[in-house]
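In: give me a model of this one.
(chains A and B)
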Amino acid sequence: MKMMLKGFLFFAALLCFGMTEAQTVSGTVSDNQGPLPGATVVVKGTATGTTADFDGNYSISASAGDVLVFSYVGYTAQEITVGNQSTINVVLELGNVLEEVVITGYGSQQQKEITSAVVSVDEESFNKGAINDASQLLQGKVAGLQIYNRGGNPNAGAVIRLRGLSTIGANASPLVVIDGVIGASLNNVDPSDIESINVLKDASAAAIYGSRGSSGVILVTTKSGKAGATQISYNGQFSTSGILNQIDYMSPEEFVAAGGRDLGSKTDWIDEVTRDAFTQIHNLSAAGGNGSTSYRISANIRDAEGILLNNGFEQFNTRLNFSTRALNDKLKINFNTSFTQRDQQNGFNEALRYATLYNPTAPVLAANAPYAFNGAQFGGYFETLGLFDSYNPVSIIKQNINNGERRELNYGVDLAYSVNDNLTAYFRSAVQTTDYANRLYYRTTSLWNGGADSPVRKGSAQFYENNFDFQLNEAYATWRKSYDNMNIAVTGGYSYQKENYNEVYFSLGDFPGDQIDYIDAIEYSQDLLNAGQISANSARNPDTEIEAYFARLNMTIADNIYLNASVRREGSTKLGADNRWGTFPAVGLGADLNSFLGLEGVQQLKARASYGVTGNLPGSYGLSQEIRGWSWGGDGAAGGSTGLLRAANPNLKWEEKAELNFGIDLTMDRFSATLDIYQQTSKDFIINRIVDAAVYGFDRRFENAGQLSSDGIELALNYDVTDNYTTGIVLSRNTVVLDEYVQDADKFGNLGAPGQNDTFVTRVKVGEEIGQIWGPVWDGTVTDGSQNFVDVNGDGQLVVGQNNALDENVDFDVLGSGIPDLELGWSNQITLGKYTVNAFFRGAFGHSLVNTFRAFYEPRVGSQKSYNYINTELANDAIKNANFSSLYVEKADFFKLDNLTVSRPITDNVNLSLNVQNAFVITNYTGSDPEPALFDLLDGNPLAPGIDRRNSYYSARSFTLGVNINF
Amino acid sequence: MKNLHKLLLGFGLVGLTYSCTDLEEDLVGDLTQDFSLEGISTGAAGGGSDVLTAVFDAVRNGGTANHGGYFSVQSVSTDEMAVTQKGGDWYDGGIWLDMHRHTWTPANGPITGTWAQQYGSIAAVNNAIANSGLNADQMAQAKVVRAYLHWRLMDMYGNIVIADGSGSNAQSSRTAVFNWIEGELLSALGMGSSFDLTALESSSLGTGDNKYRINRHAALGILAKLYLNAEVYTGTARYADAASAAGYVIDNGPYRLSDASVSVPNLAKRPAVASDPDNLTGYAAIFSPTNENNPEIVWSVKYDEATAGGMNFNQMTLHYASQYTWNFQDQPWNGYVALEEFVNSYEDGDARKKANFIAGDQLDYGGNALVDLASDTASPEISYSISINELEPNAARTGGYRLGKFSFQQFGRPDMNNDYPIVRLGDLHLIHAEAVSRDAGDWSLALPEVNAIRARAGVSAMSSITADQFLAERGREMFQEASRRTDLIRFGQWGGTWWEKGASAEYRELMPIPTEQLTANSNLTQNPGY
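Out: The predicted structure follows:
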C-alpha cells in the first residue's frame, strides 16, 4: 500500500508539467479501406501530439515549419511538412515486415533492428481448435521451442523448454512475461485473448530479464481495443474427442488362452473408464473507445471434458484492458486486469494404468462375480482381493473424488510519460495472486487408497491448499535521439519483484460408512481419536525478493548496422550476503549485408551475432542456509530436539548461462528465411547433492556442482508459393552435454514396484550427451523364460546386473536418446475461393521412449495370471521374466497432422471453421503417445528424459466446430 | 530542464521506496538454528523424554528394523533369510539376489543407504553433543550411542571415517576405528585407556534399568560385542575381556532371562481360532508388541505405531492376503522369507521355532482359509511352505516360512509397537559362553549357558558341543536380530555355500564403500577386491 501511495505521489508530480501553444492543422487519417481511428499525429521534434478520433479526424497545433508524423501500428509512418496547409489528409500504407514492431524486454524495436534470436508469432499463425492451454498455440511454430503435452489430459500443463536443457536444479521452463509483467501466469490468460507471442530465444535477448531469463523468455501481448465504434465479437468452439491410440493388451479370449484366470466375464476396461468427451468454449469480447481512450473487455467460458471419466474442468475468465491519455496526451495510462475461476475434476490417471493390467475376464460389478463376493463392502464393484497392485479401475474412477479449484487474479497499471521528444519515463506496478485448493476423497468402499478391505480404517480425505502472491514494481526511462546517420535509444531502470508462497496440507480418514461423502464431514473421522494417524503439513516460504538495475543501448548506424547492448545487475534473497549480486551483460551486433551487396529482390539480408549471460537459481529458498527439523521425545512429554535436514553453504553463488548466437535473416518479396546457430554454457548449476556428513553434519546441501553446455541450429522458412498457397517450415536441433558433475556418471529413472526397484533406465556421463537410455541389450534369444543379453564390450564376460550399471566392464549400452535429434513444424495455408485450409504437420525424430507398460506387463510372468498382459506386436511369449532391456526401448519418431482447419465466411460477419487435432500420427511406437518425455514424469528429474510412465494419460483426437461472429 | 528535475525527483522517490529491501531472507517457516526443550527425564523404563531424544531417535532411524537398511543388509546376506524374486515382484534390479549371493557392487542401494543412514544418525548425535548442554551422564550416553553406530559401520565397511564432530573426514583403518570405539566406551565407563572393571564406579553412566537409555550395563554389553569380534577386526583376540564385560552384566545387572514366569497377552489372538495362544510366554515375550518391560532387555530401540514408527516386519515378510489374518491397516509386501535349512536347524518343540516363524496354513480373522487368487497352484489356499522352489525368478509366492519373531498384533498398523533389543541378557549369555570357550580353547565351557538358553526354549540339554553346534545354537536364538552376518564371519562360514548361494571370496567380509561416498569424500579409498 505504501508503495502504491508513493506511486501516486510520483504521478502527481507529473501533473505539474507544462505545455506550449501554436496554430491549428486538421484533417483525416485513413488507409485504403477507410478511416484509422486512434492513429497518432505528432509534431516532429516536439512533444506535441494527438490521436485521430473515431472518424479518423484529427486536429493539432503546429506552425508552418513543423513536420507532422502520422503513424499507426502496422503501417508505414508518413512525414509531411505543414507549410501553409491548414488541412492535411493522409492515407497510410500497410507497413512491410521489416517495419513490424517487435516487443522486446522493456521496450520494442523494429524487426530489422533486432540482433538476437527473437521470434514473433501472431494470432493468424496460432494453432487452431479447442486449445485450453495458451502454450499450445505455439506448439511446433517456433524453431527451438519445445512444447510437449503428452496425452490428452485437459488439466495437464505442457512441458515447455527453449533450446534444450540449461539447468538441472532450477526452473527449466522459459520465463513468461504478459503485457510487460514478469513471471505472470499463463493460466490466467485465455488463449482467445492473446494477440501475439514473442519468444526471446538467446541469452542476449533474455539478459535484460537477468536471473529469470536463463531458460528463455516468452512475451505475451493480449488484445487491446482501439478508438472507434464498439466492436462485439463472439467466438464459439464445440469439440468432441476420443482416444487416438491405446497400447494393445490381451482380449479376454487371448488372456484365457495364455493361462489367465478366467473369471467368466468379458470386460474392455479401457472402454469402461473412457468416453467420447465434449468440450465447449465461448468467448465474448467488446472493444472500442473514443478520443484517446480505448478498452477491450472479454469473457471466456470453457467447459472441457477429458476422455477419462470424471476428468475435465469448467472455467470462467475475464480480462479488461483499458488505455487512456492525459496531460495533453503526454501521459499514457494502461490498466489491465484478469481473473480466472476454474473448477477442475482431476480424476485419476491411475485408472488408465489399472485398466490396462486388470483381468479382462473380471466383471465390473460385484453382482456378476463368479463366486460369492461381498459387493456392498466395495460399493457394488468387483475386486480381485489379495492381489498386489490390482484394483478395479471403474471403482477407482467412479467412487473417488479428486477436485481442484483455482482462482487467479492479476491487475496492473502502466504509466508512460513523454517528458520531451527524446525522453519517456515508464512506471509499472502489477500484482498477481493465485489460490489453489485440492480435495481428494477415497470412499470407505474404495479398495484403492480407501481401505475398503481394512477392518479398522476405511476412507481417507486429503486437503491441500496453496497461495502464491507476486508483486512487481518497475520504473525505467528511455531516451531516444536521432542524428544524421544514427539513431540511439538508451534505457535505464529499476525492477523490484517479491513473491510469497504458502501451503497447507492435511489428511485424515477412518470414516463410519458410505452414507455421505465424509470429505464434507471430517469431524466424524476416527483418526481424530487415534494417535499418529492424521498427517498435516504447512509451509510458508519467506518473501523471495529480487532487486535489479538495468541499462540498455540500442544503436542504428546508417540504417544498416545495428548495435544492442544491455546489462542487468541483480540481487536475490536466496543467496548469502557475499554472493547475492550477479551481473548479466549482453551485446549484439547486426548488419544488413544487402545494403552493401544490393541483391535484387532482397529486402534485407541481415547477419547478426550476439552474446549474453543470464542467471538462474533453484525454486526452493534458503539455499545457503541450514535447515533443521524438530522431533518430540514422544509420549506427550515436553522434551524434544532439532536435527539437521540440510547443511549450510554460505559460498553458494548464481548459476550462470553464457550464450553465443549467430543468425542470418533473409527477407524477399515472397520468401523469408531465418537461420540461427548457438552455443551455450551453463556453469555452476546448483543441486542438492550428497556431501560428507562427517564434515558438514548432514549429508545433503546445495552446491554449485557442475556444468552443462549445448549447441543447436534452428531454421525457419516461409514461402508464398502462389497467391493462394503459403507454406512455412521450422526445423531445430539441440544437443546438451554434461561437462562437469559431482561424479563421473550417474543413473536415474527408477522403474519401481512391483519388482523393478533399483532398476534405473537412464544414465548421465561426464563429457557425453544427456538423455541416454541405458541398459542391457537383448540378443533376440530366450532361455528358460529369460532374455539373453549381448556381451557388449566383447570381453567374454557378461556383466548385466543393474548394480553394475556404472561399472567399467558392464555390458550395457546406450539404448536410445530421450531427446529428439530433430524437430519439425510444417504449416500450410491454402485459399480456395471462400475456403481457407490450414494444415499443420509436426514431427520429432531420433528420440526413444522406455515403454514401461511393456517392461512391467508384457513378460508372461507365471505368477501373474490374474493380471492382464500387454500384447503389442513386439511381445514375445517365451519371455517370462521382467528384466529391463533394449526390448522395451522403442524408437518414437513421429510425424503427425497435428492441426487441420477448414474455414469459410458465411456472411460478412460470420465465419465458420472445422478443425481436427491429431488427425493422424505416423509412428512405430507401440505405446499411446510417441511425443518425447523431456523429464521424468514421476519426479521431474530433467536428467531422466525418455520414460513413458505407467500413469500416462492417453492421447486424444478432437474434432472442433468453430463459429466467429462480429456484431 | 525543470521537468527533467521533477522526473528525477519522482524516480528518486520511487527508488527510495523500493530500496528499503536489504534482500535478507527470513525463513519464517523453517527452523534454522538448533534448540532443545528441557524436558523431564523420568528415568523409568518406558519413559525417557529428554534432551537425548534426538540421540536415541538416531538409532531408530538408522535402519534398525525396516526395509532396505542396516537390518536388511545384515540379514539378507546370510543363511537366515532371503528376499526371493516372486515372478514380476521383488526383482528390483537384482539388489536382493546380489545381497543374498554375495555378488553386490559398490553401487548397491541398500549398502549405499546403510552407510548414509548411520552417518546421518551419527551427525544427529554429534549435534546433540555440540549443542544440547548435556550433563555428564547424558554426554556419556550420547558418546556410547555414537560409538555403537561407528561399531555398525566398522563391522560392515571396515575402514571408515571417524565422525567425532571435529569435521575431519580422513579415513581410518579398521584397527584405528576399533581403538577409537573402545576408547569412547571405556571413557564412558569411567575406565582409563584399558579395560578395568574396578574403575566402573567413576563412570558417569547410571545403573538403573531404563530400556531406552544407556546405562553401564548397556555400555558393557556393546563393549562385549566389540571384544568378541576383536580378532576379526584387528587380528588381536580379546575374548577374556569380552567374557568379563558380559559376565559383569550377567552377575551384577538387574536383568533376568525371560523365562516361563514372564508372560504378556497375545495381541494377535483371533477369538475364532482356538490354536492362537492367549499369552506369549518366555522367549516369545521378549519380542512381543508389549515387550517394553521385559526383564531380559538391557537396551532396546523404542518403536511405536504412532509416535515412533519404523518397524515394518509385518509389511516386509507377509503375503498380501495375510492382511486379513491380523486385520492390518495396510496390505503387506510379501518379501522376506526364512530359508528352509535354517528353519530345519530347530528341533520340533523348540519354543523358538514357533515364535520365530509364521508357518503352514493361514486362516483369516474368522478362521477361514486365506486364498491367493493369483496362485500358481490349483488350490488357492495360502500355506507358507518350509521349502522354497527357487530364489529367482519365479519363487512361489507362498514359499518359505515368514519372519514372526517380532510378533504382530490384531488391527496393527504398518508401523509396529515392538521394541527392538540391541543388548539383551540371552545374547550376553551366549557372548560370555563363546568368549570363555574361545579364550580357553574349550567349547565345553559353553555348555552351562547354552543349556540354560535351550532349557528356556524347551529343548533338551546338550552333553557336548562343537564350534559349529554353538554357532547353530546362537543362530536359533538370535534369528532376526541382525547378528548373523557378524557371527558367520567370526566362525569363518561367511564365504561358504548354502541353498542358492555359492562360495564367496574373503574380501566380501567387508562391504564395499558406496560409490557415491567415494565421490563425496576424496579421502576415501575403496576396500580391497571391489
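
In: quick one: secondary structure of A:R325?
Out: Per DSSP: H, G, I helix; E, B strand; the rest coil, the secondary structure class of A:R325 is strand.

In: apart from its neighbours in sequence, what residue is nearest it?
Out: Leaving aside its chain neighbours, A:R325 sits nearest to A:S292 (3.7 Å; criterion: Cβ to Cβ, 6 or more residues apart in numbering or on different chains). Just so you know, the C-beta spots here come from the backbone N, C-alpha and C atoms, and that holds for glycine as well.

In: tell me how many other residues crowd the one you found.
Out: Taking other Cβ atoms under 10 Å in any protein chain shown as the criterion, the count of residues near A:S292 is 18.

In: next one: the one 3 residues further on
Out: Neighbour count for A:Y295, taken as other Cβ under 10 Å: 20.

In: likewise B:I250?
Out: 21.

In: show me what contacts the residue nearest to A:R325?
Out: A:51, A:227, A:324-325, A:329 (Cβ atoms under 8 Å, 6 or more residues apart in numbering or on different chains).

In: same thing but at 10 Å, please
Out: Going by Cβ atoms under 10 Å, 6 or more residues apart in numbering or on different chains, A:S292 touches A:38, A:40, A:50-51, A:53, A:227, A:323-326, A:329, A:332-333.

In: the helix or strand containing A:F584 near chain B anywhere?
Out: In this assignment (DSSP states H and E), A:F584 forms part of strand A:581-592. Yes: against chain B, strand A:581-592 shows contacts by Cβ under 10 Å from any Cβ of the partner chain at A:W581.

In: now the helix or strand just after that strand - C-alpha only, PDB.
Out: Per DSSP H and E, the first helix or strand lying C-terminal to strand A:581-592 is helix A:594-597. Written as PDB, here are the backbone C-alpha positions of helix A:594-597 (Å, rounded to 0.1, in the frame of the first residue of the first chain):
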ATOM      1  CA  ASN A 594      22.200  -6.300 -48.700                       C
ATOM      2  CA  SER A 595      22.700  -2.600 -48.300                       C
ATOM      3  CA  PHE A 596      26.300  -3.300 -49.400                       C
ATOM      4  CA  LEU A 597      25.500  -6.100 -51.900                       C
END
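
In: thinking again about what came up before, how close does the residue nearest to A:R325 get to A:A39?
Out: From A:S292 over to A:A39 the distance is 12 Å, taken as Cβ to Cβ, to the nearest Å.

In: what do these two both touch?
Out: By Cβ under 10 Å, 6+ apart, the residues touching both A:S292 and A:A39 are A:50-51, A:53, A:227.

In: can I get these in a markdown table with distance to A:S241, secondary structure and neighbour count?
Out: Formatted as a markdown table, the entries for the shared contacts of A:S292 and A:A39 read as follows, by distance: Cβ to Cβ, whole Å; DSSP: H, G, I helix; E, B strand; the rest coil; neighbours: other Cβ atoms under 10 Å in any protein chain shown:
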| residue | distance to A:S241 | secondary structure | neighbour count |
| --- | --- | --- | --- |
| A:T50 | 51 | strand | 21 |
| A:T51 | 46 | strand | 24 |
| A:D53 | 47 | coil | 20 |
| A:A227 | 41 | coil | 23 |
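
In: for the residues you listed, which one is nearest B:Y91?
Out: Minimum separation from B:Y91 among the shared contacts of A:S292 and A:A39 (Cβ to Cβ) is found for A:A227, which lies at 71.1 Å.

In: gap between the closest one and A:G288?
Out: For A:A227, the distance to A:G288 equals 7 Å [Cβ to Cβ].

In: shared neighbours of those two, which are they?
Out: Counting by Cβ under 10 Å, 6+ apart, the residues touching both A:A227 and A:G288 are A:37, A:54, A:294-295.

In: contact partners for residue 265?
Out: Just so you know, I chose chain A. By Cβ under 10 Å, 6+ apart, A:S265 lies in contact with A:252, A:359-365, A:368-370, A:382.

In: wrong chain, I was asking about chain B
Out: B:P265 makes contacts with B:277-280, B:288-290, B:409, as judged by Cβ under 10 Å, 6+ apart.

In: show me those residues that map onto strands.
Out: Of the contacts of B:P265, the ones assigned to strands by DSSP state E are B:279-280.

In: only the buried members of the contacts of B:P265: can you turn that into a ChimeraX selection?
Out: Selecting only the buried members of these in ChimeraX, with burial defined as 16 or more other Cβ atoms under 10 Å in any protein chain shown, works like this:
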select /B:280,288,289,290,409
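
In: please identify which of the contacts of B:P265 is nearest to chain A.
Out: Taking Cβ to the nearest Cβ as the measure, chain A lies nearest B:Q409 of the contacts of B:P265, at 11.5 Å.

In: pretty sure the closest one contacts B:R270?
Out: No: judged on Cβ atoms under 10 Å, B:Q409 makes no contact with B:R270 at a distance of 11.3 Å.

In: so what sits against both of these two?
Out: Listed as contacting both B:Q409 and B:R270 by Cβ under 10 Å, 6+ apart are B:326-327.

In: list the contacts of the residue of the stretch 201-350 of chain B found nearest chain A.
Out: Closest approach of the stretch 201-350 of chain B to chain A (Cβ to the nearest Cβ) occurs at B:A306, with a separation of 2.6 Å. Taking Cβ under 10 Å, 6+ apart as the criterion, B:A306 is in contact with A:530-533, A:634, B:413, B:415, B:417.

In: buried subset of these, written for PyMOL?
Out: In PyMOL syntax, the buried subset of the contacts of B:A306 is picked out as below (16+ other Cβ under 10 Å):
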select buried, (chain A and resi 530+533+634) or (chain B and resi 413+415+417)
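
In: go through the contacts of B:A306 and say which is closest to B:M511.
Out: Distance ranking of the contacts of B:A306 against B:M511, using Cβ to Cβ, places B:D415 first at 27.4 Å.

In: domain ranges for chain A?
Out: Partitioning chain A according to automatic domain parsing yields domains covering residues A:19-95, A:99-228.

In: what about the stretch 501-650 of chain A, any weak spots by pLDDT?
Out: Applying pLDDT under 70 to the stretch 501-650 of chain A picks out residues A:633-640.

In: hey, where'd the strands end up in it?
Out: Using DSSP state E, counting those that start in this stretch, the strands found in the stretch 501-650 of chain A span residues A:535-540, A:544-557, A:561-572, A:581-592, A:602-616, A:627-632, A:640-646.
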